[in-house]
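Colleague: Generate coordinates for the sequence data below:
(one chain, ligands or ions: 2)
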Amino acid sequence: MQDKQYAILWKENFNNFISSLSKLHKLAAPVFKGYNNYAFENVRSGQEIALKYIPTILPPKKFFMPVHETLLEYDFSRGLKADAVTEYEEIILFGVHTCDIAGIQCLNMVFSEHPQDQNYLIHSQNIKIIGLECNEYCDEFANCHLMNTHLPDGGYDIFFTDLGDYFIVHINTQAGEDIIKDTGFFMSAQSSHLNELASYREKKQAIFKNELPVELDLIHDLFDRSFESRIWDDLDERCLACGNCTNVCPTCYCFDIRDEINLHLTAGKRYRVWDSCQLGPFAKVAGGKNFRTTRKVRQRHRYYRKFRYPMDRFSRYFCTGCGRCSRSCMAGIRLKETLKSLIGSKEGAKA
Ligand code: SF4
Ligand code: SF4
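Modeller: Ligands and ions are numbered 1, 2, ... in the order given. Modelled structure (predicted):
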């Protein structure tokens with residue numbers, strides 16, 4: 001029996017599929033960058049793609065909200081003239097892991113709220129996502145089982161799962177169906193393939209286990225009790241305030257707005273650039289007041305922005321368990337260790 005929601009791509013056709021897709025669309029995928037580093041970059045052939053990779057240095061959010069993005073151009077030399085700028089390109093992202101798809105889902109929620117962020121939404125509407133399932137943990141920094149992001153849960157157009165000789169592909173949207181039809185290397189899935197997928201997922205349960213001794217539903221309670229925890233003092237002493245952890249986080253979206261004006265002060269552009277709540281001046285406001293002067297309160301804020309505040313606003317945690325913040329921290333601050341310390345603290349013990 002055939003299942004129209006699923007298709008099969010034999011591995012021997014993978015390179016042809018990627019070549020064909022890259023002729024039809026701009027395509028980006030994870031590429032090996034040396035040492036243990038990967039990055040989403042434009043590709044034209046299957047050989048360039050790292051099918052097995054740990055999370056890329058920057059998450060795919062860089063396509064949805066570029067590091068530097070012009071929003072407005074103005075010219076006052078001939079009257080009052082200001083034009084909104086929306087630069088975007090159609091692109092397909094291949095090989096997005098479930099944790100990063102979850103990150104994009106978080107950003108979609110944030111930027112769809114009133115007032116909607118048109119620049120973000122235009123990027124989002126023009127990006128198609130081909131997901132790729134992780135068969136095993138990428139490394140010791142991940143906490144994707146705890147955050148329940150280790151399995152696919154929507155947010156993609158099509159989704160690849162590696163089942164040995166072939167990929168089984170879940171078709172989730174019309175755009176996904178078009179990719180399948182336009183490239184032409186796929187076969188309909190039979191019930192035997194679906195059975196293999198079910199048994200693969202069963203085996204996966206034995207590999208992915210809760211990484212910390214806490215239930216997901218109880219994390220926000222833990223944070224309710226931990227605002228005055230001494231754990232934040234420890235981070236105060238260790239954090240270098242470099243901002244790496246927020247730059248690499250798939251759900252951090254803070255930006256600064258800046259103007260670049262010509263020497264005659266008549267024309268220029270307004271742009272946004274990624275910012276970080278871990279940097280000293282981030283919370284400085286008019287009059288010179290800074291309401292987060294210490295690294296302790298900035299670190300605490302980062303954790304509360306992942307595990308407490310979004311629960312009130314979006315009913316979801318904003319950590320996807322990707323492990324990037326831990327992987328990139330030069331001071332050795334590890335998210336799982338912080339959570340473990342909170343769980344083991346006197347505040348954590350008051351369950
Ligand atoms: S990456 Fe580490 S040192 Fe840098 S701001 Fe984040 S926690 Fe602090
Ligand atoms: S807080 Fe760390 S582990 Fe969680 S989503 Fe951000 S970078 Fe990934």
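Colleague: Check the burial of the nearest residue to His301 once chain neighbours are set aside by counting its neighbours.
Modeller: Computed as CB to CB, 6 or more residues apart in numbering, the closest residue to His301 that is not its neighbour in sequence is Cys277, at 5.6 Å. No exception for glycine: its C-beta is placed from N, CA and C like everyone else's. Taking other CB atoms under 10 Å as the neighbour definition, Cys277 ends up with a count of 18.
Colleague: Helix or strand for Ser19, just tell me which one.
Modeller: Applying DSSP states H and E as the criterion places Ser19 in helix 14-24.
Colleague: Point out the other helices and strands that the helix or strand that that helix is followed by packs with.
Modeller: Next in sequence after helix 14-24, counting helices and strands by DSSP H and E, comes strand 27-32. Applying 3 or more CB pairs under 8 Å, 6 or more residues apart in numbering; DSSP states H and E, one finds that strand 27-32 makes contact with helix 14-24, strand 38-42, strand 91-96.
Colleague: switch the cut-off to 6 Å
Modeller: In this structure, strand 27-32 packs against strand 38-42, strand 91-96, with contacts taken as 3 or more CB pairs under 6 Å, 6 or more residues apart in numbering; DSSP states H and E.
Colleague: closest one to ligand 1 among those?
Modeller: When the helices and strands packed on strand 27-32 are compared by CB to the nearest ligand atom, strand 38-42 sits nearest ligand 1, at 18.3 Å.
Colleague: okay, the angle between the closest one and strand 27-32?
Modeller: Inter-element angle recorded for strand 38-42 and strand 27-32: 150 degrees (by axes from the mean of the first three to the mean of the last three CA atoms, to 10 degrees).
Colleague: Name the residues of the stretch 251-351 of the chain found near ligand 1, please.
Modeller: Taking CB under 6 Å from any ligand atom as the contact definition, the stretch 251-351 of the chain meets ligand 1 at 278, 328-331, 333.
Colleague: So among those residues, which ones count as buried?
Modeller: Under a neighbour-count criterion of 16 or more other CB atoms under 10 Å, the subset of those counted as buried comprises 278, 328-329, 333.
Colleague: Kindly reformat those residues as TSV containing secondary structure and pLDDT.
Modeller: As requested, these are exported to TSV (DSSP: H, G, I helix; E, B strand; the rest coil; pLDDT from 0 to 100):
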residue	secondary structure	pLDDT
Gln278	coil	96
Ser328	helix	96
Cys329	coil	98
Ile333	coil	97
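Colleague: and stretch 89-108, how far out from the chain's middle?
Modeller: 6 Å (CA atoms, centre = their mean, to the nearest Å).
Colleague: ok, now stretch 333-346?
Modeller: When distances are taken as CA atoms, centre = their mean, stretch 333-346 is centred 23 Å away from the chain's centroid.
Colleague: Can you classify the residue nearest to His301 by secondary structure?
Modeller: Cys277 carries the three-state label coil when classified by DSSP: H, G, I helix; E, B strand; the rest coil.
Colleague: if I look at it, how far off is ligand 2?
Modeller: Distance of Cys277 to ligand 2, computed by CB to the nearest ligand atom, to the nearest Å: 12 Å.
Colleague: got the contact list for stretch 319-337?
Modeller: 55, 99, 102-103, 141-144, 147, 149, 238-240, 244-245, 248-250, 306 (CB atoms under 6 Å, 6 or more residues apart in numbering).
Colleague: 8 Å - rerun?
Modeller: By CB atoms under 8 Å, 6 or more residues apart in numbering, the residues outside stretch 319-337 that reach it are 54-55, 57, 59, 97, 99-100, 102-103, 106, 138-139, 141-147, 149-150, 211-212, 235, 238-240, 242, 244-246, 248-251, 299, 306-307.
Colleague: From the residues you listed, keep the buried residues only.
Modeller: When the contacts of stretch 319-337 are checked for burial by 16+ other CB under 10 Å, the buried set is 54-55, 57, 59, 97, 99-100, 102-103, 106, 138, 141-147, 149-150, 211-212, 235, 239, 244-246, 248-251, 299, 306-307.
Colleague: Return the subset of those residues lying in helices.
Modeller: Among those, the members falling in helices are 99-100, 102-103, 106, 235, 244-246, 299, 306-307 (criterion: DSSP state H).
Colleague: Redo the residues you listed as JSON lines? Include pLDDT and distance to Asn262.
Modeller: Putting these into JSON lines (pLDDT from 0 to 100; distance: CB to CB, whole Å) gives the following:
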{"residue": "Cys99", "pLDDT": "98", "distance to Asn262": "43"}
{"residue": "Asp100", "pLDDT": "98", "distance to Asn262": "39"}
{"residue": "Ala102", "pLDDT": "98", "distance to Asn262": "43"}
{"residue": "Gly103", "pLDDT": "98", "distance to Asn262": "38"}
{"residue": "Cys106", "pLDDT": "98", "distance to Asn262": "38"}
{"residue": "Leu235", "pLDDT": "95", "distance to Asn262": "43"}
{"residue": "Asn244", "pLDDT": "97", "distance to Asn262": "34"}
{"residue": "Cys245", "pLDDT": "98", "distance to Asn262": "36"}
{"residue": "Thr246", "pLDDT": "98", "distance to Asn262": "32"}
{"residue": "Gln299", "pLDDT": "98", "distance to Asn262": "40"}
{"residue": "Lys306", "pLDDT": "98", "distance to Asn262": "41"}
{"residue": "Phe307", "pLDDT": "97", "distance to Asn262": "45"}
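Colleague: Understood, closing this out.
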